[in-house]
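Asker: Got a sequence here, can you model it:
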Amino acid sequence: MKPGDELPPLAIPITRTLIVAGAVASRDYQDVHHDAELAREKGSPDIFMNILTTNGLVGRYVTDHFGPRSVLRGVAIRLGAPNYPGDTMILTGTVTDVDGDTASVRVVGANGLGHHVTGTVTVEVAR
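Answerer: Prediction:
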């Protein structure tokens, strides 16, 4: 692993089930993550993914690439365009720094509206 290495893209279909299951699993019961009618009343065209689900997907993307013995040491993400049902988020990553067994990876998750998530993941890679 070296700076400039790119992780293969990962396409994640954004389904209602994924959005609701992620919200329930993370105990985020805000109605905008499971009730389309109430989400529309609050100005959203539909339910949308919560940040904890996005965080989990970003972590999975990085650890799937570096292997089951890799350990996330830091995740710093920022949300942008919402993930709505029926869209697809494409995660991409680039190694930006390597220090021994630790790498920093710049991650971007884009959907049909733009960048849903951007951030940096620090991962320790077991050798």
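Asker: from here on, contacts and neighbour counts on C-alpha atoms
Answerer: Fine.
Asker: ok, residues contacting the helix or strand harbouring Leu18?
Answerer: Using DSSP states H and E, Leu18 falls within helix 16-25. Residues from elsewhere that reach helix 16-25 (Cα atoms under 8 Å, 6 or more residues apart in numbering): 29, 33-34, 47-50, 52-53, 85-86.
Asker: Next: stretch 77-87.
Answerer: Contacts for stretch 77-87 (Cα under 8 Å, 6+ apart): 13-16, 19, 46-49, 51, 55, 89, 111-120.
Asker: State the mean pLDDT of it.
Answerer: When pLDDT is averaged over stretch 77-87, the result is 97.
Asker: so how far is that stretch off the chain centroid?
Answerer: 9 Å (Cα atoms, centre = their mean, to the nearest Å).
Asker: Out of the contacts of helix 16-25, which sit inside helices?
Answerer: Among these, the members falling in helices (DSSP state H) are 52-53.
Asker: buried subset of the contacts of helix 16-25?
Answerer: The neighbour-count test (16 or more other Cα atoms under 10 Å) marks 33-34, 47-50, 53, 85 as buried among the contacts of helix 16-25.
Asker: Same list (those) but as CSV, adding distance to Val24.
Answerer: Shown next, in CSV, are the buried ones among the contacts of helix 16-25 (distance: Cα to Cα, whole Å):
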residue, distance to Val24
His33, 9
His34, 9
Ile47, 13
Phe48, 13
Met49, 11
Asn50, 10
Thr53, 10
Pro85, 16
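Asker: just the residues you listed now: which is nearest Met1?
Answerer: Thr53 (27.3 Å; Cα to Cα).
Asker: how near is the closest one to Leu18?
Answerer: Distance of Thr53 to Leu18, given as Cα to Cα, to the nearest Å: 9 Å.
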